[in-house]
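# Turn this into a structure:
(chains A and B)
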Amino acid sequence: SQTIHQWPATLVQPVGSPLSLECTVEGTSNPNLYWYRQAAGRGLQLLFYSVGIGQISSEVPQNLSASRPQDRQFILSSKKLLLSDSGFYLCAWSVAGITGSEQFFGPGTRLTVL
Amino acid sequence: QKEVEQDPGPLSVPEGAIVSLNCTYSNSAFQYFMWYRQYSRKGPELLMYTYSSGNKEDGRFTAQVDKSSKYISLFIRDSQPSDSATYLCALNRKGYNKLIFGAGTRLAVHP
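Presented below is the predicted three-dimensional model:
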């Protein structure tokens, strides 16, 4: 069966510090991968998605970037965090090549920028 | 106008009640409809997945899609305190990789 991991689970960082969040998927090959942010009491905002190694699509201009160095690894980064980057970050995967496929989410990383 | 509208609640019901959660959407191209359950401080968990119009039942949960009205529903029978969570609807179009999510409805089932 497929499993998705995210780490760290929680993170407290000062403004201006760098960020690296990691997501890995097990049990599937060549998945579509997604990064979302969820602000407190708000819906899911799609940040990035990837259909393959090195292929990243950005949904909204922001202080963040994403990379996919391996098939089942997705990384969310920032060079300098802003207060507004605080939130709950979720990684998700879906089966590639199947139209309308559902997405499966990881446990999330709660980021607090102080 | 948002592509998907969902009442954020909160919705508070007594244990054993039938719960109705709803979303409306504007784009008739949506063909795939999902409901996710999200407990506090956890990732969303897929509950139901339906394609096109009709009903789908899974235990105490029934998903209903009315494409003519652009309206989807999730019914929970015999609600339990463990059903207390935020419920998100999500929609997708043929050939697209990205889901469109509703804002989520917070449900509280009290004993």
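# who's the residue most central in space within chain A bridged to?
Residue closest to the average C-alpha location in chain A (CA atoms, centre = their mean): A:Trp35, at 2.9 Å. Beta-bridge partners for A:Trp35, by DSSP bridges, are A:Phe48, A:Cys91.
# roughly how far apart are it and chain B?
According to CB to the nearest CB, to the nearest Å, A:Trp35 stands 12 Å off from chain B. Where you see a C-beta, it was placed from the backbone N, CA and C, and this is true even at glycine.
# give the contact list for that residue.
Applying CB atoms under 8 Å, 6 or more residues apart in numbering or on different chains to A:Trp35 gives the contacts A:Cys23, A:Leu46, A:Leu47, A:Phe48, A:Tyr49, A:Ala66, A:Phe74, A:Leu76, A:Tyr89, A:Leu90, A:Cys91.
# List the contacts of A:Phe88.
Residues in contact with A:Phe88 (CB under 8 Å, 6+ apart) are A:Arg37, A:Gln38, A:Ala39, A:Ala40, A:Gly108, A:Thr109, A:Arg110, A:Leu111, B:Arg41.
# the strands in chain A, which residues?
With DSSP state E as the criterion, chain A has strands at A:3-7, A:10-13, A:19-26, A:32-38, A:44-52, A:55-58, A:65-70, A:73-78, A:87-94, A:104-105, A:109-113.
# could those strands go into a markdown table alongside mean pLDDT?
Shown next, in a markdown table, are these (pLDDT from 0 to 100):
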| stretch | mean pLDDT |
| --- | --- |
| strand A:3-7 | 95 |
| strand A:10-13 | 97 |
| strand A:19-26 | 97 |
| strand A:32-38 | 96 |
| strand A:44-52 | 94 |
| strand A:55-58 | 93 |
| strand A:65-70 | 96 |
| strand A:73-78 | 97 |
| strand A:87-94 | 96 |
| strand A:104-105 | 96 |
| strand A:109-113 | 96 |
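# possible to save the ones you listed as TSV with distance to B:Lys56?
Formatted as TSV, these follow (distance: least, CB to CB, whole Å):
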stretch	distance to B:Lys56
strand A:3-7	24
strand A:10-13	36
strand A:19-26	27
strand A:32-38	24
strand A:44-52	23
strand A:55-58	31
strand A:65-70	34
strand A:73-78	31
strand A:87-94	19
strand A:104-105	18
strand A:109-113	32
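# re earlier: filter the contacts of A:Phe88 to the buried ones?
Buried by 16 or more other CB atoms under 10 Å in any protein chain shown: A:Arg37, A:Gln38, A:Gly108, A:Thr109, A:Leu111, out of the contacts of A:Phe88.
# dump the residue contacts of the second one.
Shown in contact with A:Gln38 (CB under 8 Å, 6+ apart): A:Leu44, A:Gln45, A:Gly87, A:Phe88, A:Tyr89, A:Leu90, A:Gly108.
# How about the second one, nearest residue that isn't a chain neighbour?
Read it as A:Gln45. Closest residue to A:Gln45 apart from its sequence neighbours, by CB to CB, 6 or more residues apart in numbering or on different chains: A:Arg37 at 5.0 Å.
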